[in-house]
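# just to be clear, the model below is a prediction. Sequence and coordinates:
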Amino acid sequence: MMNRRLFLSTASALLLAVSVGVTATAADDIAPGFSEASAAGVPVLVHVTAPWCEVCQAQKPVVAKLVGNGDFASMKKFDVDFDSQKAVLQKLKVQSQSTMVLFKNGKEIDRSVGVSDPAQIEAFLREAL
């Protein structure tokens with residue numbers, strides 16, 4: 001009986017800690033301006049790159065051409081440096097550079113890793129429109 005009580009109290013404490021952790025990793029501390037963009041309901045792209053990453057360097061001009069223009073005029077982009085912004089990577093659960101995380105109405109709707117084909121990137125971004 002004692003082991004059962006210990007288990008239940010430990011499990012309860014763990015669940016509480018996990019729920020507090022989820023609250024502490026709210027979207028608004030991903031990057032300055034992220035919470036405002038999310039609250040405004042605009043589509044948001046978080047692009048995780050590294051200067052040494054060839055795929056990232058191929059993604060950047062494609063993303064730059066699309067975001068803020070045409071159908072993607074209202075989309076906001078937030079750049080995250082893979083080497084120096086480890087806290088953001090943890091919050092987003094990102095494990096590699098060349099990751100794009102897409103948000104709609106403040107909620108993550110999809111992510112893409114390692115894609116550099118312009119047509120695939122455009123199709124990915126369209127998911128948030």
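Here it is on my side, so go on.

# now the residue positioned nearest the centre of the chain, which residues is it bridged with?
The structure's the chain has its C-alpha centroid closest to Val101; by CA atoms, centre = their mean the separation is 4.0 Å. Under DSSP bridges, the beta-bridge partners of Val101 are Val46, Arg111.

# okay, now the unreliable bits of this protein?
Low-confidence regions of the chain, defined by pLDDT under 70, span residues 1-29.

# one more time with 50
Applying pLDDT under 50 to the chain flags the ranges 1-2, 4, 6-27.

# all helices for it, in order.
Listed in chain order, the helices of the chain (DSSP state H) span residues 2-24, 34-39, 54-66, 86-92, 118-126.

# returning to that earlier point: which residues touch the residue nearest to the centre of the chain?
Contact analysis of Val101 by CB atoms under 8 Å, 6 or more residues apart in numbering lists 45-46, 48, 92, 94, 108, 110-111. C-beta: built from backbone N, CA, C; applies to glycine.

# Thr80 and Val88 touch, don't they?
Careful, residue 80 is Val; it's not Thr. Yes. Val80 is within contact range of Val88, at 5.0 Å (criterion: CB atoms under 8 Å).

# name the residue in the two with the higher neighbour count.
Higher neighbour count among Val80 and Val88: Val80, with 23 against 20, using other CB atoms under 10 Å.

# for Ala73, see how far away the more buried one is.
According to CB to CB, to the nearest Å, Val80 stands 22 Å off from Ala73.
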